[in-house]
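Chemist: Provided below are the primary sequence and the corresponding predicted coordinates.
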Amino acid sequence: MSITEYRGETANLKVLAREIEADPHLAGKCSLTLTPLRQDRRDSLRHAQWAEISISVAAGLATNTLYDALKALIERARDRGPVDEVNPRSEDGSEDTEGPAGADR
């Protein structure tokens with residue numbers, strides 16, 4: 001199963017989830033989990049309600065059509081506001097904060 005995670009404003013990610021569920025190529029082929037993030041005064045998340053969305057696609061279904069449809073919806077969400085890809089979590093469940101997503105914070 002292929003899993004990608006993105007972080008952004010909760011309202012924007014809720015719209016993204018509705019768009020994925022309504023897309024004819026993605027409907028029924030992706031499972032979505034939206035997780036609100038704890039606000040922490042040490043970073044930029046304190047300015048808005050932020051969340052992470054996990055998008056899972058069953059193995060064998062990651063065709064070019066699905067990938068292109070998903071990327072187009074994510075780009076549309078980025079046009080509405082900040083949406084960053086989250087680095088994959090390690091085996092122990094902790095997030096790798098180094099790299100592109102962690103460097104902005």
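Modeler: Arrived safely.
Chemist: For I55, list the residues it contacts.
Modeler: The contact partners of I55, by C-beta atoms under 8 Å, 6 or more residues apart in numbering, come to I3, T4, E5, Y6, I20, C30, S31, L32, L70. For the C-beta atoms, the positions are set from N, CA and C on the backbone; glycine is no exception.
Chemist: Repeat that for S31.
Modeler: S31 sits next to I55, S56 when contact means C-beta under 8 Å, 6+ apart.
Chemist: what about 6 Å?
Modeler: S56 (C-beta atoms under 6 Å, 6 or more residues apart in numbering).
Chemist: Do a quick rundown of the helices in the protein.
Modeler: 10-22, 64-80, 100-103 (DSSP state H).
Chemist: Pick the most deeply packed of these.
Modeler: Mean neighbour counts were taken over the helices of the chain using mean count of other C-beta atoms under 10 Å, and the top value, a mean of 17, falls to helix 10-22.
Chemist: coming back round to it: mind putting the helices of the chain in TSV, mean pLDDT and distance to E52 included?
Modeler: Output for the helices of the chain, formatted as TSV (pLDDT from 0 to 100; distance: least, C-beta to C-beta, whole Å):
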stretch	mean pLDDT	distance to E52
helix 10-22	95	8
helix 64-80	91	13
helix 100-103	36	10
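Chemist: For W50, find the nearest of those helices.
Modeler: helix 10-22 (6.2 Å; C-beta to C-beta).
Chemist: which helices and strands sit right next to the closest one?
Modeler: strand 30-36, strand 50-57, helix 64-80 (3 or more C-beta pairs under 6 Å, 6 or more residues apart in numbering; DSSP states H and E).
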